[in-house]
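Q: Need the 3D shape of this:
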Amino acid sequence: MDIETITPGWVDAVDVEADDLVTPDLHESFASIAGLPKDDATKVALVGALDAFRSGYFDLDALRSESDDNKALEAAADSAGALYDALLALLEYPGVEGRLEQTIQDFPRFYEFEDGRTLKDLIGTRQNIFMVYRELLVDLQACLEMTSNRKPMRKVLEGLDGEEPIKLETDEGFSERMREWRARSKARALPRLQTH
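A: Predicted coordinates:
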């Protein structure tokens with residue numbers, strides 16, 4: 001059974017709001033079953049639950065597998081690293097940052113933050129105008145990599161000249177990382193709809 005089979009038609013209906021579904025009879029039945037007073041707060045809670053169900057339905061449709069999520073996170077982390085490297089490489093071209101800084105100062109239309117700041121306000125001084133951005137990219141890259149949920153690998157240092165690898169963590173430490181990974185994977189698993 002797929003999600004479309006068990007989802008009520010009102011979820012997809014553009015002209016039906018959750019508030020329209022809460023009739024006086026439904027409100028009374030819900031309040032009675034839930035042991036709540038039949039007041040406006042209960043009606044608001046019921047409407048909120050129906051809205052949350054609708055949002056969840058659409059969110060479920062957009063979910064991807066953990067493997068797909070990991071690939072997207074890792075691609076973004078790689079791109080953040082590549083942009084960091086590209087901005088750092090600009091330091092090797094004398095005069096480029098100065099010209100770029102002038103272009104930024106002269107550019108007429110920038111995205112504006114809520115506090116009114118733009119790219120012009122966020123660049124550094126000549127010789128290193130993108131230092132702040134590079135540091136932010138390092139932070140972003142680290143967070144993207146940490147969000148990815150890959151199966152842990154043993155931390156080892158390869159042995160020299162055919163020697164055995166040296167374990168860099170205890171078996172207990174590795175087992176703990178495996179338990180944490182399994183728990184995250186289980187929590188992230190897409191729901192399976194069962195047929196009766």
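Q: where does the chain have low pLDDT?
A: Where the chain drops to pLDDT under 70, the residues are 1-8, 61, 126, 190-196.
Q: Which residue would you name as the spatial centre of it?
A: Centroid check for the chain by C-alpha atoms, centre = their mean gives residue 147 as the closest residue, at 7.9 Å.
Q: number of nearby residues for residue 144?
A: For residue 144, the number of neighbouring residues by other C-beta atoms under 10 Å comes to 19. Yep, even glycine has a C-beta here, placed from its N, CA and C like the rest.
Q: Repeat that for residue 9.
A: Residue 9, neighbours per other C-beta under 10 Å, totals 7.
Q: Now do it against residue 82, distance only.
A: Note on residue 9: its distance to residue 82, by C-beta to C-beta, to the nearest Å, is 47 Å.
Q: Could you grab the helix/strand/coil label for residue 94?
A: coil (DSSP: H, G, I helix; E, B strand; the rest coil).
Q: what's the domain layout of this structure?
A: As assigned by automatic domain parsing, the chain contains the domains 3-62, 65-150, 151-196.
Q: circling back to that earlier point, give the contact list for the spatially closest residue to the residue nearest to the centre of the chain that is not a sequence neighbour.
A: The shortest distance from residue 147 to any non-neighbouring residue, by C-beta to C-beta, 6 or more residues apart in numbering, is to residue 73 (5.4 Å). Residue 73 is in contact with 144, 145, 147, 148, counting by C-beta atoms under 8 Å, 6 or more residues apart in numbering.
Q: Strands along the chain, start to end?
A: 156-157, 166-167 (DSSP state E).
Q: Report back the residue of the protein that's furthest from centre.
A: residue 161 (43.6 Å).
Q: Return the distance of that one relative to residue 182.
A: 36 Å.
Q: Check residue 19 too.
A: 42 Å.
Q: can you pull the contacts of residue 19?
A: By C-beta under 8 Å, 6+ apart, the neighbours of residue 19 are residue 47.
Q: how near is it to residue 26?
A: Separation of residue 19 from residue 26 (C-beta to C-beta) stands at 11 Å.
Q: Residue 119: what's its closest spatial neighbour, skipping adjacent residues?
A: Computed as C-beta to C-beta, 6+ apart, the closest residue to residue 119 that is not its neighbour in sequence is residue 110, at 5.0 Å.
Q: Count the residues that sit near the one you found.
A: 13.
Q: For it, which residues are in contact?
A: By C-beta under 8 Å, 6+ apart, residue 110 lies in contact with 118, 119, 120.
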